[in-house]
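Engineer: This is the structure alone, sequence omitted:
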């Protein structure tokens with residue numbers, strides 16, 4: 001009987017460990033479409049006024065940082081409103097335009113892939129593929145800049161545009177590399 005009680009206790013203790021994790025509330029910047037509204041936003045990072053913006057929202061996240069931050073940038077986003085005429089069901093441009101985003105931390109830094117093989121701009125979104133990807137990179141950079149404020153070491157970020165074949169080939173030149181945080185060179 002003692003062995004049975006000990007086994008049950010050990011099993012319960014190990015299950016508690018599986019569910020215990022750190023949850024952190026962090027700002028996550030997202031590329032947001034302003035379609036269905038009457039506003040444009042001046043995006044200084046890309047030098048254009050667009051029917052889009054890069055905005056933060058608080059999210060409660062758990063997991064491997066900064067990788068979960070990158071995943072969160074593509075979270076579905078229904079903008080709440082008080083006007084019954086605003087009926088937009090999705091505002092996140094990565095979701096709207098079917099752009100995937102993944103990341104992997106390696107010894108050399110964080111490697112981010114923006115997958116554009118399935119990219120389609122909905123007719124109600126008055127943006128080009130290039131503008132959407134530029135906004136996504138701004139959102140990525142701003143999200144990771146917030147994360148890096150608390151870090152000691154600099155973070156090297158490599159962004160690669162994947163799936164840019166045929167007519168999407170010119171998007172490949174948006175691939176970039178930047179360094180954030182302590183001791184980071186200005187770029």
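Structural biologist: Arrived safely. Here the structure is a predicted model, which means the values were calculated and not measured.
Engineer: After the one helix or strand in the chain whose mean pLDDT sits lowest, which helix or strand is next?
Structural biologist: Within the chain, no helix or strand scores below helix 2-19, which has a mean of 43 by mean pLDDT, DSSP states H and E. For helix 2-19, the following helix or strand on the C-terminal side (DSSP states H and E) is strand 24-33.
Engineer: where does the residue most central in space within the chain land on pLDDT?
Structural biologist: The residue lying closest to the centre of the chain (CA atoms, centre = their mean) is residue 73, at 1.9 Å. Among the per-residue scores, residue 73 holds a pLDDT of 98.
Engineer: Now do the phi/psi pair for it.
Structural biologist: Per-residue torsions, residue 73: phi -60, psi -30 (degrees, to the nearest 10).
Engineer: Residue 26 is in contact with that one, correct?
Structural biologist: No - Residue 73 lies out of contact with residue 26 (CB atoms under 8 Å); the separation is 11.5 Å. Glycine gets a C-beta too; all of them are placed from N, C-alpha and C.
Engineer: Can you tell me how far the residue nearest to the centre of the chain is from residue 169?
Structural biologist: 24 Å (CB to CB, to the nearest Å).
Engineer: Which elements pack onto the top helix by length along the chain?
Structural biologist: Using DSSP state H to define each element, the chain has its longest helix at helix 129-148. Where contact means 3 or more CB pairs under 8 Å, 6 or more residues apart in numbering; DSSP states H and E, helix 129-148 is packed against strand 24-33, strand 48-50, strand 52-61, helix 67-72, helix 93-96, strand 109-115, strand 155-162, strand 176-180.
Engineer: Much appreciated, bye for now.
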